[in-house]
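In: Got a predicted model here, sequence first, then my questions.
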Amino acid sequence: MSVEFCGLQLAHPVLNGSGTFDVIAARRAFGDQLLRDFPFSAYVSKTITLEPRQGNPPPRLWEASAGLINSIGLPNKGLEGYLAEDLPQIVEITGAGAAEVPLITNVMGSTAEEISRLLEACDAHEQIAAIELNVSCPNVKTGLDIGSDPRQLEEVVRAVRPRTRKPLIVKLTPNTADVALCALAAQEAGADAVSLINTLRATALAPRDPTLPAGRWLGGGTGGLSGPAIRVVALAQVAAVAARVEVPVVGMGGVQSAADACDLMDVGATLVAVGTESFRDPVAAARIAEGLRAMGAA
Amino acid sequence: MSQAPFARRLLTVTGLDELGAYRVLRVADPDGPEPEPGQFAMLSALEGWGGGEHERPLLARAFSIARRSGGESHFLLEDVGPGTQRLCELRAGDGLWALGPLGRGFAAPEGGRRAILVGGGVGIAPLAILQDQLEGPTSVLLGFRERSRAQGAALLDGARVASDDGSVGHHGLVTDLLVAELQRDPEAVVYACGPAGMLEGVRAICERGGVPAQLALEAGMACGFGACFGCVVPKRGGGYLRVCVDGPVIDAAELERVDAHAAAPIGDPPA
């Protein structure tokens, strides 16, 4: 059942998608049972930026058909706050079990310089096993998401790659013309793995109610769609990427069951991440890992 | 606060009782942790909920625990969208997933001060379990839109009622009753739960009078345990609080105002 990923030995192939499980809050809600029954084989932090972010004004959520639109806006304490306050608490949780759960820190910056500073800071912390780079961030000069254009992506990843010796996973955006070209660009620039899919850009209008102002509903204007509605898109994109790259692929998007995870692995994913399903069932990842074991798929 | 087991528990519905426009969902939960008043649970039906052909509801819905009685947990429902509609269809013997108790509940009044409980609509639910556990005399002030909803007042003992249409009790807002009550006893403490507009009224009245108030807030939430960051309300001085883990009961002094937008549900018009 154990699986090797970028030099890390993982107990099973199921981890969390970035920003879908806050272990610090979960420990407050569930106590130390969280430590004993930790559901993920590696833990991916939410996205960390250089400066603190408050996140978007509410409303931040909309339940769509078979899916969820979120417009959270990446709230986080900033790099300094993460390293000083969150990291020790996270490691206390992920390091508490029989086998230590590797921590993957997800970072995002709008320029190569910003990302370099984030990578260097993470590189200096041995509790961080690997770094995931969120490239769904607008380039301040072009306004385009860094990850939406293969040339821009390759340039940025190439520039930042030497700043860390840790495995670097590039979290691709699905909001692009050809995700496989972006994956290839990340690989050419030195990424050790790619992960996908991030949420699909989506929006919701205010309910048709005379007492409410008309227009966009979410405080952030647009958001990202997740959940079972995007599973078939994820399957197509993961298949397209896995067919083109040599590096391992972390597949995610709408996974609710071991069968869904198995589908992503059948088209080439080495690991599978769970996000929205953990909202419905906080131990979904453990259930899915157990299901994969029973299916003999992992 | 009481912590939740780290997994959903499959419980069995024991009954669904009519209470005017509302339903009281009763669930056998003899082994569940004792919740604090104000804590909540994330509920979803075993069948016909999420995945498969059921496009909505997908996510579990948050409900205050209204009462614990004889090994049962009670929840107050109003059919306003696909989630509450599905829950209102449940019958004795049906399965229900529950995750909880979650969040921070009400803190007991300090220094022997009298408690005034202020509720609006389906938001009266956590005040029932609070009244069950409070010692000493309390005042209960409840506001409803109209008569069929006002029948919900039977959930608490000795409630004085206001209705928007004047069909029951005071014709006007429950906050009118609160102002009068605070004139009689300015040393009281206030516990409130209800729609955002009512809570904002309670908050402003208490701020003016220097009266401590604990507000149980509502917000659309995807998970209930701090994972999704969706259920935020603006905090006094900037930033946000997560209703699920920083609340749902929040000291009124922590809020500049109760934001109606933040109280929005996740995919349906506000009730």
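Out: Structure received. Residues are numbered from 1 along each chain as shown, chains lettered A, B, ... in the order given.

In: Using the three-state scheme, assign the residue in the stretch 1-150 of chain A that chain B sits nearest to.
Out: Closest residue of the stretch 1-150 of chain A to chain B, Cβ to the nearest Cβ: A:Ala25 (2.4 Å). C-beta: built from backbone N, CA, C; applies to glycine. State at A:Ala25, reduced to three classes by DSSP: H, G, I helix; E, B strand; the rest coil: helix.

In: In contact with the closest residue to it other than its chain neighbours, which residues are there?
Out: Excluding its sequence neighbours, the residue lying closest to A:Ala25 (Cβ to Cβ, 6 or more residues apart in numbering or on different chains) is B:Gly226, at 2.4 Å. Counting by Cβ atoms under 8 Å, 6 or more residues apart in numbering or on different chains, B:Gly226 makes contact with A:22, A:24-26, A:28-29, B:242, B:244-245.

In: repeat that with 6 Å
Out: A:22, A:25, B:242, B:244-245 (Cβ atoms under 6 Å, 6 or more residues apart in numbering or on different chains).

In: Report the two of those residues separated the most.
Out: Farthest-apart pair in those is A:Asp22 and B:Cys244; separation 10.4 Å (Cβ to Cβ).

In: Please enumerate the helices of the stretch 51-200 of chain A.
Out: A:78-81, A:87-94, A:112-123, A:150-160, A:179-188 (DSSP state H, counting those that start in this stretch).

In: right, so those helices: which one is the most enclosed?
Out: Mean neighbours per residue, mean count of other Cβ atoms under 10 Å in any protein chain shown, is largest over those for helix A:179-188, with a mean of 23.

In: what's the average pLDDT for that helix?
Out: Average pLDDT, helix A:179-188: 98.

In: go on, stretch B:132-142?
Out: 93.

In: Would you mark the buried spots in it?
Out: B:134, B:138-142 (16 or more other Cβ atoms under 10 Å in any protein chain shown).

In: Ok, stretch A:274-284 next?
Out: A:274-284.

In: and the closest residue to A:Asp192 other than its chain neighbours, what is it in contact with?
Out: Nearest residue to A:Asp192 in three dimensions, chain neighbours excluded: A:Pro167, at 4.3 Å (Cβ to Cβ, 6+ apart). A:Pro167 makes contact with A:6, A:130, A:192, according to Cβ under 6 Å, 6+ apart.

In: Quick check: A:Pro167 vs chain B, distance?
Out: 25 Å (Cβ to the nearest Cβ, to the nearest Å).

In: Let me know the pLDDT of that residue.
Out: Predicted confidence (pLDDT) for A:Pro167: 98.

In: Model confidence at residue 75, what's the number?
Out: No chain specified, so I'll use chain A. Reported pLDDT for A:Pro75: 96.

In: should've been chain B
Out: 98.

In: ok, now B:Ala262?
Out: 79.

In: Just name the closest of the buried residues of stretch A:274-284 to chain B, please.
Out: Of the buried residues of stretch A:274-284, the one sitting nearest to chain B (Cβ to the nearest Cβ) turns out to be A:Phe279, at 3.9 Å.

In: Tabulate the buried residues of stretch B:132-142 (TSV), appending secondary structure and distance to B:Cys231.
Out: Formatted as TSV, the buried residues of stretch B:132-142 follow (DSSP: H, G, I helix; E, B strand; the rest coil; distance: Cβ to Cβ, whole Å):
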residue	secondary structure	distance to B:Cys231
B:Leu134	coil	27
B:Thr138	strand	29
B:Ser139	strand	30
B:Val140	strand	27
B:Leu141	strand	27
B:Leu142	strand	25
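
In: quick one on the thing from earlier: pull the number of nearby residues for the residue of the stretch 1-150 of chain A closest to chain B.
Out: 19 (other Cβ atoms under 10 Å in any protein chain shown).

In: can you check B:Leu46 too?
Out: 14.

In: show me what contacts it?
Out: B:Gly95.

In: which one is residue 94 nearest to, not counting chain neighbours?
Out: Picked chain A for this. A:Val101 is the one closest to A:Thr94 (Cβ to Cβ, 6+ apart), at 4.1 Å.

In: um, chain B though
Out: B:Val13 (4.5 Å).
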